[in-house]
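In: with the input below, show me the fold.
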Amino acid sequence: MGTPVLDTSEFRRQLEQELSSNILPFWINHVADEIHGGFHGAVTNDLQILDDVPRSAVLCARILWTFATAYRRRGGAEYLRLARRAYDYLCEAFWDVDYGGVYWQVDCDGVPVSDRKHFYAQAFAIYGLAAYYQATREPRSLARAQTLFELVEEHAFDPVHLGYIEACDRRWATLDDMRLSDRDLNCRKSMNTMLHILEAYSGLLRVWDEPRLSGKHRALLEVFLTEILDSQTGHLRLFFDNAWNSLTPNTSYGHDIEASWLIQEAAGMQADPELLSRSRTAGIRLATVVLREGLDKDGSLFLDGGPQGPSDSGKSWWAQAEAVVGFYAAYQATGEARFVHAALNCWAAIRAKFVDRKNGDWYKRLDHKGDPDPTVYKAGPWECPYHHSRACFEMLDRLCA
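Out: As a prediction, this is how the structure comes out:
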């Protein structure tokens, strides 16, 4: 592709239109389940509803974050209504009243399908609940987020090597199989869970200025800089044993670019210039490596790869959304035009290939030919509104900076 020129007002117009007229309306109009409550298990690209698909705490918490954020920033009864629905559903269907925490999955009647306590899900519940408190000042939302923070620290924190383990069973006992999904390794610790605990703690710290939380937040950021970031390759390492020995040489370009801006955001909350400088250096390096290794000819981002380079097995919506923010954040940090060009090229690829102009929202995966993958849901256990709505929120803010 060519080298586009940054037209800030036009970019903002496109982001605003995409958020207000496409992404948010899709989730308001097509995903709420008016019969069983909460949200449908899955919705396909052609708007078929699949309520035999289990409902995930992660999806519910991400909807909660999205619409609490929309309401806080914009007002609007329709945004508050969906945020409240997500809050109620998270606290009623997913909350374990006996042992605490949120279940991994429930069925359409609210019966647990998987009652395991994955700390990735606890993190997103913290993230959503903190956003709902920030938007509404509902005290029970903050109290639940604080409770989850205590449960994560009690049951997941590794006091010897630091960081957090992946999962426990319903009663917080050890699990033999801790995998987050079929794509993941069975390991004690993963970059992905660690990244989203960091993100959740950043969200909670915005509304709860508590010294112990701040200390845990800082310690986890240090883990990213010293253990998870590979100083040789410039990528994030993905899967670990307790002592941070890496279990695979593979790379996730999507997580690299997502972390590139999230770790800088986290460091900015610590009021420590030296830590911020180190985090900014790390973030710029992550973005630089992704720019060099992870982009396709049309400006879109390959999802992952290995030592030989990217895998051309298809592309995911969330990685494109994170690339727009990550590359633009690198531009803001360096002033280097190559980063803003990468952000604009990726946005152009999103508009050309991922945006569904017929049924709304974005296709969540394109196959290796660049066509929408009909086997991947538009809304589902993993297919959510959070990455691309957040990209729009973030970019609208950054383009005003």
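
In: low-confidence regions, the protein specifically.
Out: 1-5 (pLDDT under 70).

In: quickly note the distance from Tyr328 to Gly360.
Out: Counting by CB to CB, to the nearest Å, the gap from Tyr328 to Gly360 is 25 Å. C-beta: built from backbone N, CA, C; applies to glycine.

In: in terms of packing, which of those two has more residues around it?
Out: Tyr328 (26 against 19; other CB atoms under 10 Å).

In: in space, what's closest to the more buried one - neighbours in sequence excluded?
Out: Of all residues beyond its chain neighbours, the one nearest Tyr328 is Ala343 (4.2 Å), with distances taken as CB to CB, 6 or more residues apart in numbering.

In: pretty sure that neighbour sits against Val324.
Out: Yes. Using CB atoms under 8 Å, Ala343 is in contact with Val324, at 5.1 Å.

In: OK, contacts around His40?
Out: Shown in contact with His40 (CB atoms under 8 Å, 6 or more residues apart in numbering): Val31, Ala32, Asp33, Ile49, Leu50, Asp51, Val53, Arg55, Ala379.

In: just the ones of those in strands?
Out: If you go by DSSP state E, these have Arg55 in strands.

In: what would the contacts of His40 look like in TSV with neighbour count and distance to Ala167?
Out: What follows is the contacts of His40, written out as TSV (neighbours: other CB atoms under 10 Å; distance: CB to CB, whole Å):
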residue	neighbour count	distance to Ala167
Val31	23	26
Ala32	17	29
Asp33	16	27
Ile49	16	29
Leu50	13	26
Asp51	17	26
Val53	19	21
Arg55	27	18
Ala379	27	24
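
In: of the contacts of His40, closest to Ser300?
Out: Using CB to CB, Ala379 is the member of those that lies nearest Ser300, at 21.8 Å.

In: and that closest one, bridged to which residues?
Out: Val43 (DSSP bridges).

In: wait, it touches Ala42, no?
Out: Yes. Using CB under 8 Å, Ala379 is in contact with Ala42, at 6.3 Å.

In: can you count the residues close to Ala131?
Out: That count, for Ala131 with other CB under 10 Å as the rule, works out to 28.

In: gap between the strand or helix carrying it and the chain center?
Out: Here Ala131, judged by DSSP states H and E, is contained in helix 119-136. Distance, stretch centre to chain centre, for helix 119-136: 12 Å (CA atoms, centre = their mean, to the nearest Å).

In: which helices and strands does the helix or strand following that helix pack with?
Out: For helix 119-136, the following helix or strand on the C-terminal side (DSSP H and E) is helix 139-155. Helix 139-155 is packed against helix 119-136, helix 191-207, with contacts defined by 3 or more CB pairs under 8 Å, 6 or more residues apart in numbering; DSSP states H and E.

In: pull out the buried positions in the shortest one.
Out: Going back to what we said before, that points to helix 191-207. 191-205, 207 (16 or more other CB atoms under 10 Å).

In: ok so, going back, let me have the helices and strands packed on helix 139-155 in a markdown table, extended by distance to Cys108.
Out: Output for the helices and strands packed on helix 139-155, formatted as a markdown table (distance: least, CB to CB, whole Å):
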| stretch | distance to Cys108 |
| --- | --- |
| helix 119-136 | 18 |
| helix 191-207 | 26 |
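
In: which SS class is the nearest residue to Ser202 once chain neighbours are set aside?
Out: Computed as CB to CB, 6+ apart, the closest residue to Ser202 that is not its neighbour in sequence is Ala266, at 5.0 Å. Of the three states, Ala266 takes helix under DSSP: H, G, I helix; E, B strand; the rest coil.

In: isn't Ala266 right up against Ile197?
Out: No. Counting by CB under 8 Å, Ala266 sits too far from Ile197 to count as a contact (10.8 Å).

In: ok so, going back, and the residue nearest to Ser202, how many residues sit next to it?
Out: Ala266, neighbours per other CB under 10 Å, totals 24.

In: for it, what are its contacts?
Out: So Ala266 contacts Leu198, Glu199, Tyr201, Ser202, His217, Leu221, Ser279 (CB under 8 Å, 6+ apart).

In: same thing with Leu64?
Out: Ala83, Ala86, Tyr87, Leu90, Gly128, Leu129, Ala131, Tyr132.
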